[in-house]
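In: Here's a sequence, model it:
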Amino acid sequence: MATDGTELWLIRHGETEWSRSGKHTSVTDLDLTEEGERVARGLPDTLAGAEFDLVLTSPRRRARHTAELAGYGEAEVDEDLVEWAYGEYEGISTPEIRESVPGWSIWTHPAPGGETATDVASRLDRLVQRTAGHARVLVFSHGHALRVLAARWLRQPVEHGRFLYLDTATTSVLAFDRGDPVVLRWNS
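Out: You can find the predicted model right below:
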């Protein structure tokens, strides 16, 4: 469990063709778009003055490249930071899925052949535990994974991640206030 005094900084990777079009992207290893690279190049200004004693990234190219453009090319790869595995819904948008499964949401319905909410929670709980003893941790990851990570940091069920919308190449900060886990900044 993370401890009072720990800050967890989250950066979602820059834009890809699929994130721009709303397609679910987990295992498909896409490059950033030109716009994604441009915005990610602005991250060093956002992170200026902050020192991190642990920097981690998802192994996916889009997250690693965002880390490089932010000035953290030596970030340690952590498999727990991969995106929620969408299985048969990889490369398909929510509106397309809802044509055959009305009301479908990753937060409330299964992804055939993909990860369950319990699977995702287990690996992101490990990540939260890994932050213990660190003053400030920086992670580069993916939209749904980071939303689950925030929910778990806040000691909430995975489904609470649905309330935490997250744009590409944004910075969010989780911390503690008098022993309680809190959101200091979100989607900025």
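In: rest of the way, CA atoms for contacts and neighbours
Out: Noted.
In: Strands of the protein, start to end?
Out: Taking DSSP state E to define them, one finds strands in the chain at 7-12, 54-57, 76-77, 136-141, 171-177, 180-185.
In: what's the closest of those to Phe163?
Out: Taking CA to CA, strand 180-185 is the member of the strands of the chain nearest to Phe163, at 12.5 Å.
In: Which elements pack onto that closest one?
Out: strand 171-177 (3 or more CA pairs under 8 Å, 6 or more residues apart in numbering; DSSP states H and E).
In: Show me what the strand it packs on is packed against.
Out: Helices and strands touching strand 171-177, by 3+ CA pairs under 8 Å, 6+ apart, are strand 7-12, strand 180-185.
In: Select, out of the strands of the chain, the one closest to Thr94.
Out: Ranking these by proximity to Thr94 (CA to CA) places strand 7-12 first, at 19.5 Å.
In: residues contacting the residue nearest to Leu54 when sequence neighbours are not counted?
Out: Of all residues not flanking Leu54 in the chain, Val137 sits nearest, at 4.9 Å (CA to CA, 6 or more residues apart in numbering). Contact analysis of Val137 by CA atoms under 8 Å, 6 or more residues apart in numbering lists Thr6, Glu7, Leu8, Trp9, Phe52, Asp53, Leu54, Val55, Leu56, Thr131.
In: Make CSV out of the residues you listed and add neighbour count, pLDDT and distance to Asp78.
Out: Shown next, in CSV, are those (neighbours: other CA atoms under 10 Å; pLDDT from 0 to 100; distance: CA to CA, whole Å):
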residue, neighbour count, pLDDT, distance to Asp78
Thr6, 18, 90, 19
Glu7, 24, 96, 18
Leu8, 26, 97, 15
Trp9, 22, 98, 15
Phe52, 15, 97, 16
Asp53, 11, 95, 15
Leu54, 16, 97, 11
Val55, 21, 98, 10
Leu56, 24, 98, 6
Thr131, 20, 93, 12
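In: Which one of those is nearest to His144?
Out: Trp9 (15.5 Å).
In: follow-up on the earlier one: among the helices and strands packed on strand 171-177, show me which one is buried the most.
Out: Greatest average neighbour count among the helices and strands packed on strand 171-177 goes to strand 7-12 (a mean of 26), per mean count of other CA atoms under 10 Å.
In: Report all helices and strands that it contacts.
Out: Judged by 3+ CA pairs under 8 Å, 6+ apart, the packing partners of strand 7-12 are strand 136-141, helix 143-153, strand 171-177.
In: Check which strands are paired with the first one and give the direction for each one.
Out: Within its sheet, strand 136-141 is paired with strand 7-12 (parallel), strand 54-57 (parallel), according to DSSP bridges.
In: can you put these in a markdown table and add distance to Ala85?
Out: Shown next, in a markdown table, are the strands paired with strand 136-141 (distance: least, CA to CA, whole Å):
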| stretch | distance to Ala85 |
| --- | --- |
| strand 7-12 | 16 |
| strand 54-57 | 17 |
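In: Which one, of those, ends up nearest to Gly161?
Out: The closest of those to Gly161 is strand 7-12. By CA to CA, the value is 13.9 Å.
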